[in-house]
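Enquirer: Coordinates for the following, if possible.
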Amino acid sequence: MAIGTKELLPVELATFDDERLVAELKRAKEELFNLRFQAATGQLESHGRVRAVKRDIARLYTVIRERELGISASPAPVEKPAEKKKSKKATEAEKVEES
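Expert: Here you go, the predicted structure:
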């Protein structure tokens, strides 16, 4: 990938959940709108950024569509490790420290 944001690498997009993909798509569309507005008013400094954002939007749409068709699977939800229970001595020591 020569052009595009470093945050949205195709390898990383596969690890995003569906809600995050939609949020990234919304953010990219807002950025594209702002870049087009800047271009229309003559304030745009980096014309290559428009192309990069368009490619990011296309990548996001591709990943979303692949998941709809079942070509690629959604990532498995990551379970948080259960907190270890503290021993009776540790809880008593914390109470003493608080006092």
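Enquirer: can I assume Glu66 is in contact with Ser74?
Expert: No - using C-beta atoms under 8 Å, Glu66 is not in contact with Ser74; the gap is 10.1 Å. For the C-beta atoms, the positions are set from N, CA and C on the backbone; glycine is no exception.
Enquirer: wait, Lys29 sits on Leu60?
Expert: No - taking contact to mean C-beta under 8 Å, the distance of 9.3 Å between Lys29 and Leu60 leaves them out of contact.
Enquirer: Between these two, tell me which one has more neighbours.
Expert: Leu60 (22 against 14; other C-beta atoms under 10 Å).
Enquirer: Nearest residue to that one in space, please, no chain neighbours.
Expert: By the measure of C-beta to C-beta, 6 or more residues apart in numbering, the closest residue to Leu60 outside its immediate chain neighbours is Leu25, 4.5 Å from it.
Enquirer: Give me the phi and psi for that neighbour.
Expert: The phi and psi values for Leu25, taken as degrees, to the nearest 10, are phi -60, psi -40.
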